[in-house]
Every structure is written in structure tokens, then in C-alpha cells.
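> the following block contains a protein sequence and its predicted model.
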Amino acid sequence: MIYLYAKALHIIFMVCWMAGLFYMPRLFVYHTEAKLKPDVEYQVLHEQFKIMERRLWWVITTPAMYITIASALTMLYLSPGLLSQGWMQVKLTFVGGLLFYHFKSQQIMLLLATGRSTWTSSRLRLWNEVSTIILFAIVFLVIFRSAIDWIYGVLGLLGLAILLMILIKLYKRYRSRNS
């Protein structure tokens, strides 16, 4: 019964964590693009984005990450045999990538807050897609749990990544024509 509660919490807080990881880079894009505004307008926007980013990060995203990890550790403690399964080892590798993504995003947030970020809005748009690709990989691993299906999943992820890059380029071209 404890395992099922841990699993429910894991899913709920994983969704909350991912929501934060999806939205935060969008705020970074808008924060970065605000630099193109006149200085007075930028200062107002900069202060507002700092507040929004800080609250999203420290009130929702980071606590959700810790609860996701705690519930995962609880499930692994209650069912340690999962650690010997190949799909779980690969999943945990992707989770490690997601943790790297989380803390790198935190670093970007802190750089933006101090005005020291060198990330362009185009680069941040690409960065925004990284968490989506990792989420796809994790979900496919959890659902299919086999090496062959995982390979197809990775090929699908690569296709998705290429498609996302093409769409981002097309959107950028569209925006530059209409501005």
C-alpha cells in the first residue's frame, strides 16, 4: 500500500516538476527578449521576470523535484529488484540528465537575475526542448521496458528533436518576417 502512495505522489509531483521545467525556459526567452526594449521598460520587465522566475523555481519546481526524488527512492527501497532491470538503469540515466537540466536552468535563472546571462533567445528556445525530449525518453522506457522498443523510442526522439529544431527555425523566420 505504501508503494502505491509513493507511486501516486511520484506521478503527481513529476507532473508539477515538468510543468516548471517547461515554463521556466519560456520565461527565460521573454526575459532575454525584454533586453531589446527601451531601458526604462526593460528595467520594469526585468524586475517582474525575476519575481516570476524566483517564485516558479523555489515554490513549485524545486520542491516538486525533491518530492519526486523522495517518492522514487521510497519505491526503489520498497522494490529494490527494479534497480537490476536494464530499463530502470537507463531511466535513471535520463533522470540524471533531467537533474542536470534542472540545475543548469537554475544557473541560467541566477545569471538572468544579475544581468550576466549570455544566452540568446534562440539558444533558450532550443534549451526549452531538452526537457521535452528527456520526458519522452523516460515515458517510453517506463511503458515499454524493453531494449528493442527503447531503440525505436530513441530513434523517435532523434526524429522529434530534428522536427522541433526545424519548427523553431521556421517560427523564427516567420517572426522575423512579421516584425
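In hand now; what should we look at? Numbering: from 1, shown residues only.
> what is the burial count for the closest residue to residue 120 other than its chain neighbours?
Distances taken as CB to CB, 6 or more residues apart in numbering place residue 32 nearest to residue 120, at 6.9 Å, with adjacent residues excluded. In short, each C-beta sits where N, CA and C put it, glycine included. The number of residues packed near residue 32 is 21, by other CB atoms under 10 Å.
> likewise for residue 112?
22.
> surely it meets residue 29?
No: counting by CB atoms under 8 Å, residue 112 sits too far from residue 29 to count as a contact (10.5 Å).
> quick check: closest non-adjacent residue to residue 67.
Closest residue to residue 67 apart from its sequence neighbours, by CB to CB, 6+ apart: residue 13 at 4.1 Å.
> report the outermost residue of this structure with respect to its centre.
Each residue of the chain has a distance to the centre, and by CA atoms, centre = their mean the biggest one is for residue 40: 31.5 Å.
> now the helix or strand bottoming out on mean pLDDT in the chain, how far from the chain's geometric center?
Within the chain, no helix or strand scores below helix 147-177, which has a mean of 79 by mean pLDDT, DSSP states H and E. Offset of helix 147-177 from its chain centre (CA atoms, centre = their mean, to the nearest Å): 16 Å.
> below-threshold pLDDT in the protein: ranges please.
Low-confidence segments of the chain, defined by pLDDT under 70: 146-151.
> returning to what we had before: okay, the residue farthest from the centre of the chain and residue 46: tell me how far apart.
To residue 46, residue 40 is 11 Å away according to CB to CB, to the nearest Å.
> before we move on, the earlier item: packing partners for the least confident helix or strand of the chain?
helix 86-113, helix 121-144 (3 or more CB pairs under 8 Å, 6 or more residues apart in numbering; DSSP states H and E).
> which parts of the longest one are buried?
The neighbour-count check on helix 86-113 (16 or more other CB atoms under 10 Å) flags 87-88, 90-92, 94-95, 97-98, 101-102, 105-106, 108-109, 112-113 as buried.
> before we move on, the earlier item: so for residue 156, which of the helices and strands packed on helix 147-177 sits nearest?
helix 121-144 (7.5 Å; CB to CB).
> other SSEs contacting that closest one?
The contact analysis (3+ CB pairs under 8 Å, 6+ apart) places helix 121-144 against helix 2-33, helix 86-113, helix 147-177.
> all set, thanks.
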